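Chemist: Sequence below, structure please.
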Amino acid sequence: MHPNQKKNIIYSIVLLASVAIVWWVRDQPEAVNEEATYMNVRGQTMGTTYNIKYQDDQGRDFKVAIDSLLEVFNQSVNHYLPDSEITRFNQQDTLYFDLPYFYPVLKRSDEIVQATNGAFDPTVAPLVSAWGFGPEDQRLPNDTSIDSLLQLVGFDKISYTTNYATKEIAGVSLNFSAIAKGAGVDVVGEYLGQQSIHDFMVEIGGEVLCRGVNDKGERWKIGIDDPNQVGNMSAAVTLNNQAIATSGNYRNYYEVDGKKYAHTIDPKTGQQVTHSVLSVSVIADDCMTADGYATAFMVLGLEPAKEIIARNPSLEVLIIYDENGATKTFQTDGLEDIVVNS
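Modeler: Numbers count the residues shown, from 1 in each chain. Sure thing, here's the model as predicted:
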């Protein structure tokens with residue numbers, strides 16, 4: 001019996017309560033409408049907002065169930081929560097999984113780490129915090145501290161099974177911020193599918209999963225932010241049972257003495273990314289994959305990203321970058337048929 005038995009019981013109770021609420025919502029009697037009814041559910045999670053639209057002839061409102069589901073999901077992968085699984089992993093040597101979410105996120109992270117040669121790597125956590133984008137809110141590390149923290153970065157410093165994760169060296173920590181919203185989108189999408197919902201759009205903090213069609217009977221149309229003019233769209237795409245995630249430095253940054261410091265950190269160097277890429281949008285079958293690769297390509301820059309994109313034909317990618325003061329785009333061939341006027 002590992003030492004977190006008491007917490008295991010508490011989290012199990014939370015999970016069971018969430019499941020009970022899910023089934024309560026599912027079993028409520030509803031009058032069936034003759035015409036398709038599209039519901040819209042909004043809320044907050046992971047320090048951002050969510051927006052969910054879905055078609056349900058019964059007009060069921062899943063907000064209570066979705067909020068409960070996301071609360072349990074956060075209890076697994078949100079490092080800002082003091083008693084979450086990821087926080088406990090960061091504070092101790094070994095974590096036994098209590099909830100069903102940590103392992104899938106860890107496994108997919110590992111796959112993307114390998115595919116991107118470490119450009120995406122959740123063990124960059126101590127460097128992200130050192131630059132002022134973690135719970136500790138430290139800022140502007142010097143070269144000596146960066147060199148020291150780089151010794152704790154690398155996914156090979158973690159071993160895991162379906163039941164637990166353990167550190168190979170002390171001090172290693174994880175930050176799933178670059179993939180958690182996408183994973184949360186997929187969790188909600190899976191839940192809607194279990195409720196026999198076939199037409200839906202799930203968006204959390206700008207990461208989106210679409211299935212089926214919208215209320216007009218058409219493919220879902222999703223806008224892509226213009227990194228030069230926040231609030232405007234640079235393009236829009238129509239998704240056919242796909243997900244899209246966008247990474248960029250134009251939202252999450254702070255300023256010190258007039259200089260901007262952005263949240264994208266290169267796990268290889270420990271430094272902030274300063275190349276010409278402004279934003280990356282990735283379309284994939286699931287949102288967790290799209291989210292992770294969008295971050296990786298943002299770290300890599302245009303030409304290295306192109307090399308990895310060429311080896312992953314299942315991904316469609318739009319990169320917006322600066323070239324001598326002019327905004328330009330790179331896009332994969334498959335985007336030609338789905339990019340529409342925004």
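Chemist: Next, count neighbours for Gln229.
Modeler: Per other CB atoms under 10 Å, the neighbour tally for Gln229 reads 10. For glycine as for every other residue, the C-beta is placed from the backbone atoms N, C-alpha and C.
Chemist: Strands of the stretch 151-300 of the chain, start to end?
Modeler: 158-160, 164-167, 200-204, 207-211, 220-225, 233-239, 243-248, 253-256, 259-262, 277-284 (DSSP state E, counting those that start in this stretch).
Chemist: Dump these into CSV; add mean neighbour count as well.
Modeler: Output for the strands of the stretch 151-300 of the chain, formatted as CSV (neighbours: other CB atoms under 10 Å):
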stretch, mean neighbour count
strand 158-160, 16
strand 164-167, 18
strand 200-204, 25
strand 207-211, 27
strand 220-225, 21
strand 233-239, 18
strand 243-248, 26
strand 253-256, 12
strand 259-262, 13
strand 277-284, 25
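Chemist: Compare those strands and give me the one nearest Asn40.
Modeler: Nearest to Asn40 among the strands of the stretch 151-300 of the chain is strand 200-204 (9.7 Å), distances taken as CB to CB.
Chemist: Which strands or helices does the closest one pack on?
Modeler: Of the remaining helices and strands, those touching strand 200-204 by 3 or more CB pairs under 8 Å, 6 or more residues apart in numbering; DSSP states H and E are strand 48-55, helix 177-194, strand 207-211.
Chemist: ok, back up a step: how about the strands of the stretch 151-300 of the chain, which one is nearest Val128?
Modeler: Closest approach to Val128 among these is made by strand 259-262 (11.3 Å; CB to CB).
Chemist: where in the stretch 151-300 of the chain is pLDDT low?
Modeler: 249-263 (pLDDT under 70).
Chemist: List the contacts of the closest residue to Lys268 other than its chain neighbours.
Modeler: Spatial nearest neighbour of Lys268, chain neighbours left out: Gly118 (6.4 Å); criterion: CB to CB, 6 or more residues apart in numbering. By CB atoms under 8 Å, 6 or more residues apart in numbering, the contact set of Gly118 is Gly154, Phe155, Pro267, Lys268.
Chemist: Got the domain ranges for this protein?
Modeler: 5-167, 214-340 (automatic domain parsing).
Chemist: What values do phi and psi take at the residue nearest to Lys268?
Modeler: As for Gly118, its main-chain torsions (degrees, to the nearest 10) stand at phi 80, psi 10.
Chemist: That one and Thr161, how far apart?
Modeler: Using CB to CB, to the nearest Å, one gets 22 Å for the distance from Gly118 to Thr161.
Chemist: Which pLDDT value goes with the residue nearest to Lys268?
Modeler: Here, the pLDDT recorded for Gly118 equals 96.
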